[in-house]
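Peer 1: return a 3D structure for these sequence lines:
(one chain, ligands or ions: 1)
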Amino acid sequence: MDFLKGHGTENDFVILPDPSVDIDLTPGLVAALCDRRAGIGADGVLRVARAGDLRDAGVLDALPAGVGREDWFMDYRNSDGSVAEMCGNGVRVFAHFLAASSLVPGSEFVVGSRAGARAVVVHHADPEAAEVSVAMGPTTVFGASSAGVDGRDLAGIAVDVGNPHLACVVPGLTLEDLRNLDVKTAPTFDHGLFPHGTNVEVLTPLADGAVHMRVHERGSGETRSCGTGTVAAAVAALRAAGLETGAVDVHVPGGTVTVTIGADGATLRGPSRIVATGTVRTSALGA
Ligand SMILES: N[C@@H](CCC[C@H](N)C(=O)O)C(=O)O
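Peer 2: Prediction:
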């Protein structure tokens, strides 16, 4: 099975080009591919196929809103094998792969996701590096809640970015505090508000148009970046500063992305790298 390995601000993915939808992408296979010792190692898997072909193969029950049969579809899976609606860093890496492989005619196109169609602009791309903007769609704040992180009860807001987030702006949090926080251990949260689980972001208040963030992702654990999480963080940071819209540089352990929250939706801009291509011996994975 051919694969590529890529990352967006060190949120890393195994990319599986599968235009004929031949791969039986079971949770066990995904987890084995993502295993950092016995597999390739990644936070998630991006299967590349056209939406109509995934529908015909029964991977999708229906085409999500705005997604056409011919659109390339990011079939995203978390490292534990679970399916998630959206992955903001994944879309950038996915678009990079499509552009660098000449699978799309130009630099502006749509990527399908379970959360709907996402318009992308590839500012530049070569086989190794790209810079991509993604129209992330509307963001919806659906409550106030809290997360238990490293023995602390952190207040946050629930934000739907296509997938669920609890973004916690912590007043007075220093960079050192943030660095020392245990975000690896799964945070506790209100399962009534988040019946399907949630991603949890912890961040510093907005200062000079920027925040610093760490994240514990549903289905993947602590990662070095989360694109949808940076969007939720920007919404929360702006709100905490009394603002509804604005541009925020979000610094994460794996780098920096820029999130713009506008009246008609959010945009995420940042880098992508494709660092390897190869062949997986699936029989050796023990999946
Ligand atoms: N890393 C992603 C988010 C991936 C999905 C998430 N773990 C979930 O289950 O919702 C991103 O860059 O947005």
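Peer 1: CA only for contacts and neighbour counts going forward, please
Peer 2: Fine.
Peer 1: can you give the contact residues for stretch 276-287?
Peer 2: Stretch 276-287 has contacts (C-alpha atoms under 8 Å, 6 or more residues apart in numbering) with 1-6, 28-29, 32-33, 38-39.
Peer 1: swap the cut-off to 10 Å and go again
Peer 2: Residues from elsewhere that reach stretch 276-287 (C-alpha atoms under 10 Å, 6 or more residues apart in numbering): 1-6, 14-15, 26-33, 35, 38-40, 128.
Peer 1: so which of those residues are in helices?
Peer 2: Per DSSP state H, helices hold the following members of those: 27-33.
Peer 1: pull out the buried positions in the lowest-mean-pLDDT helix or strand in the chain.
Peer 2: Taking mean pLDDT, DSSP states H and E as the measure, the helices and strands of the chain show their lowest mean at helix 282-285, namely a mean of 94. Residues Leu285 are the ones in helix 282-285 that count as buried (16 or more other C-alpha atoms under 10 Å).
Peer 1: Asp150: which of the ones in helices among the contacts of stretch 276-287 is nearest?
Peer 2: Closest to Asp150 out of the ones in helices among the contacts of stretch 276-287 is Ala31 (26.2 Å), distances taken as C-alpha to C-alpha.
Peer 1: hmm, Arg37 and the closest one touching each other?
Peer 2: No. Applying C-alpha atoms under 10 Å, one finds Ala31 not in contact with Arg37, separated by 11.4 Å.
Peer 1: please say which of the two ends up with more neighbours.
Peer 2: For Ala31 versus Arg37, the count of surrounding residues by other C-alpha atoms under 10 Å is larger for Ala31: 26 against 9.
Peer 1: near the ligand, which residues of the stretch 1-150 of the chain?
Peer 2: By C-alpha under 6 Å from any ligand atom, the part of the stretch 1-150 of the chain that sits against the ligand consists of 78, 84, 86-90.
Peer 1: among those, find me the one that's closest to Gly242.
Peer 2: Taking C-alpha to C-alpha as the measure, Gly242 sits nearest to Gly88 out of these, at 25.3 Å.
Peer 1: counting neighbours, what do you get for the residue lying closest to the closest one once chain neighbours are set aside?
Peer 2: Spatially, and ignoring its direct neighbours in sequence, Gly88 is nearest to Gly227 (4.1 Å; C-alpha to C-alpha, 6 or more residues apart in numbering). The burial count assigned to Gly227 is 29, neighbours taken as other C-alpha under 10 Å.
Peer 1: quick one: Gly227 and the ligand, what's the gap?
Peer 2: 3 Å (C-alpha to the nearest ligand atom, to the nearest Å).
Peer 1: over to Ala147?
Peer 2: For Ala147 relative to the ligand (C-alpha to the nearest ligand atom), the value is 16 Å.
Peer 1: neighbours of the residue lying closest to that residue once chain neighbours are set aside, how many?
Peer 2: Nearest non-adjacent residue to Ala147, counting by C-alpha to C-alpha, 6+ apart: Phe189, 4.8 Å away. Residue neighbour count, defined by other C-alpha under 10 Å, stands at 20 for Phe189.
Peer 1: hang on, Phe189 packs against Ile157?
Peer 2: No. With contacts counted by C-alpha under 10 Å, Phe189 stays clear of Ile157, the gap being 11.5 Å.
Peer 1: what sits in contact with each of these two?
Peer 2: Common neighbours of Phe189 and Ile157 (C-alpha under 10 Å, 6+ apart) are 145-147, 166.
Peer 1: so which of these comes closest to Val252?
Peer 2: Leu166 (16.3 Å).
Peer 1: which helix or which strand is home to the closest one?
Peer 2: Per DSSP states H and E: Leu166 is located in strand 164-169.
Peer 1: sounds good, over and out.
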